[in-house]
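> Sharing a sequence plus its predicted fold:
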Amino acid sequence: MPRKKVVDKPDFEKDTVSGAVINTNKNAFTARREQMAKDAERESEFEKMKAEIEELKKIVKKLSK
């Protein structure tokens, strides 16, 4: 798979066959993966909190009757 450096972007190379641009900076790749994992965890926690709030709303409505 032959690659060429991208002008003015030392961390990027372009695959001359497929035209794909590839980031060769391993640290940036790892940092992005970690950020994506944190974002997914935060989103999961948010969804869990929403479900718990809905459950509490139902309990409060039952108690008020």
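Yep, that arrived.

> Show me what the helix or strand encompassing Lys48 is packed up against.
According to DSSP states H and E, Lys48 maps onto helix 26-64. Taking 3 or more Cβ pairs under 8 Å, 6 or more residues apart in numbering; DSSP states H and E as contact, there are no helices or strands that helix 26-64 lies on. (Glycine included, C-beta is placed from N, CA and C.)

> For it, what is the distance to the chain centroid?
Put simply, helix 26-64 sits 14 Å off its chain's centre (Cα atoms, centre = their mean, to the nearest Å).

> Just the buried positions in it, please.
Within helix 26-64, no residue counts as buried by 16 or more other Cβ atoms under 10 Å.

> Now the terminal residues of stretch 11-23, how far apart.
Start-to-end span of stretch 11-23 (Cα to Cα, to the nearest Å) is 6 Å.

> what pLDDT does Lys5 get?
pLDDT for Lys5: 89.

> now Leu56: how far from Lys62?
11 Å (Cβ to Cβ, to the nearest Å).

> same deal with Glu13?
61 Å.

> swap in Gly19?
Using Cβ to Cβ, Gly19 is found at 60 Å from Lys62.
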